[in-house]
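Participant: Provided below for reference: sequence and predicted model.
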Amino acid sequence: MNTYTDIRAGGWVAQLPEGWRPYALLMRLDRPIGSWLLFLPGLWAFAMVAPSWGRGLWLTALFGLGAVLMRGAGCVVNDLWDRDLDRQVERTAGRPLASGAVRPKQALAFLVALLVVSCGILLMLPPVAILLGVLSLLPIALYPLAKRVTDFPQAMLGLVFSWAAPMGYAAATGALEAPAFALWAAGFCWILGYDTIYAHQDREDDALVGIRSTALHFGERTRPFLVGCYGATIALLALAGGLGGLSVWFIPALLLPAGLLARQVVRLDIHDPELCLRLFKANRDVGLAVALAFLIGRL
């Protein structure tokens, strides 16, 4: 069994009113990396096709807030599904629903509140983006089920967390075009890789309680799997840039995120859960480097 938890009940969360703290932890506000990773594919789209700096910054603000709210909603859904399993895994046993700090009915009411506010943000976007936002609710709801029926639940998460790429493209342009789908595919491959690293934290506990994952499926063969995922990510990003008519500077600018991804592959030790968590979190910098490459490609 793991002997650590990634819950961060101290820091600024500890300064909140006592009644608010379990809901902040339920949303994972103590660990903003998930909101970053949900938001970043949308940032790629804005960096590539936003018609102006003003429009790009406005969409960045909307998607940033939306990512926090929808990541929180996804965590509530996940924890409602998994509360009994979470009690059996050391890293997750302290989660508010698993520990009893929040009751299921309270969590459902909180989920409705998060979705209502998110809907208000969504309605500020063009019709195509609104439609994509509504459609995203289905994979969000199904992700917790996926890890019970397939060795590749990370693929379902890939669909969810890369959704901001086509949605962001539609928000910036009012349409869906070929570069949006290339961005979506790049995000999917990236997420498939980094969430496999994340899943190695719980590999042994997951096997005991019947949770399936790519980490368990590939085991010691994870490194070549990551090479494939991350290699496809960079290739698809290059394709998106080509389809989007970016300048020749875009390709050399991709060397930075490519190097950061290669570093994860080289450093990976699937038997060190704390290292796996650090490598997973390093993907925020990868995503920001990709956005920078798109901006450079517009020069």
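Facilitator: Right, received. Where do you want to start? Numbering: from 1, shown residues only.
Participant: Please state the offset of stretch 96-107 from the chain centre?
Facilitator: Going by C-alpha atoms, centre = their mean, to the nearest Å, the spacing between the C-alpha centre of stretch 96-107 and its chain's C-alpha centre is 23 Å.
Participant: Also stretch 270-278?
Facilitator: So, by C-alpha atoms, centre = their mean, the centroid of stretch 270-278 is 18 Å from its chain's centroid.
Participant: Could you do stretch 213-225 as well?
Facilitator: 19 Å.
Participant: now do stretch 200-218
Facilitator: On C-alpha atoms, centre = their mean, the centre of stretch 200-218 falls 19 Å from that of its chain.
Participant: go on, stretch 16-33?
Facilitator: With C-alpha atoms, centre = their mean, you get 18 Å for stretch 16-33.
Participant: Which residues does that stretch contact?
Facilitator: 6-9, 11, 13-14, 34-35, 68, 71-72, 75-76, 79, 95-97, 101-102, 107, 110, 114, 280-281, 283-284 (C-beta atoms under 8 Å, 6 or more residues apart in numbering). For every residue, glycine as well, the C-beta is placed using N, CA and C.
Participant: let's see 6 Å
Facilitator: For stretch 16-33, contacts defined as C-beta atoms under 6 Å, 6 or more residues apart in numbering pick out Arg8, Val13, Gly34, Gly72, Cys75, Val76, Pro96, Ala101, Val102, Phe110, Lys281.
Participant: Can you list the residue ranges for helices in the stretch 151-299 of the chain?
Facilitator: Using DSSP state H, counting those that start in this stretch, the helices of the stretch 151-299 of the chain run over residues 153-161, 164-173, 178-199, 203-209, 214-218, 222-243, 250-253, 255-267, 273-281, 283-297.
Participant: okay, these, which one's buried deepest?
Facilitator: helix 164-173 (a mean of 27; mean count of other C-beta atoms under 10 Å).
Participant: Can I get that helix as PDB, trimmed to CA atoms?
Facilitator: The C-alpha trace of helix 164-173 is given here as PDB (Å, rounded to 0.1, in the frame of the first residue of the first chain):
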ATOM      1  CA  ALA A 164     -10.900  22.300 -24.700                       C
ATOM      2  CA  ALA A 165      -8.800  22.300 -27.900                       C
ATOM      3  CA  PRO A 166     -11.700  22.000 -30.400                       C
ATOM      4  CA  MET A 167     -13.900  24.000 -28.100                       C
ATOM      5  CA  GLY A 168     -11.400  26.800 -27.800                       C
ATOM      6  CA  TYR A 169     -10.900  26.800 -31.500                       C
ATOM      7  CA  ALA A 170     -14.600  27.100 -32.100                       C
ATOM      8  CA  ALA A 171     -14.800  29.900 -29.400                       C
ATOM      9  CA  ALA A 172     -12.000  31.800 -31.200                       C
ATOM     10  CA  THR A 173     -13.200  31.300 -34.800                       C
END
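Participant: Determine the longest helix present in the chain.
Facilitator: When the chain is parsed with DSSP state H, its longest helix is helix 53-86.
Participant: Quick check: next helix or strand after it?
Facilitator: Next helix or strand after helix 53-86 toward the C-terminus (DSSP states H and E): helix 96-99.
Participant: Based on its surroundings, how many neighbours for Pro127?
Facilitator: Pro127 has 9 neighbours, counted by other C-beta atoms under 10 Å.
Participant: Identify the residues contacting it.
Facilitator: Counted by C-beta under 6 Å, 6+ apart, Pro127 has zero contacts.
Participant: please renumber so the chain begins at 33
Facilitator: Sure thing, new numbering starts at 33, so read that last one as Pro159.
Participant: Grab the nearest non-local neighbour of Ala46.
Facilitator: Arg53 (7.3 Å; C-beta to C-beta, 6 or more residues apart in numbering).
Participant: same deal with Arg299?
Facilitator: Leu311 (6.3 Å).
Participant: what about Ile302, how many neighbours?
Facilitator: When neighbours are counted by other C-beta under 10 Å, Ile302 registers 20.
Participant: Got phi/psi on it?
Facilitator: With angles defined as degrees, to the nearest 10, Ile302 sits at phi -70, psi -10.
Participant: Compute the distance between it and Met59, please.
Facilitator: In this view, Ile302 and Met59 are 29 Å apart by C-beta to C-beta, to the nearest Å.
Participant: Can you tell me how far the residue nearest to Ala46 is from Arg103?
Facilitator: Taking C-beta to C-beta, one finds Arg53 at 18 Å from Arg103.
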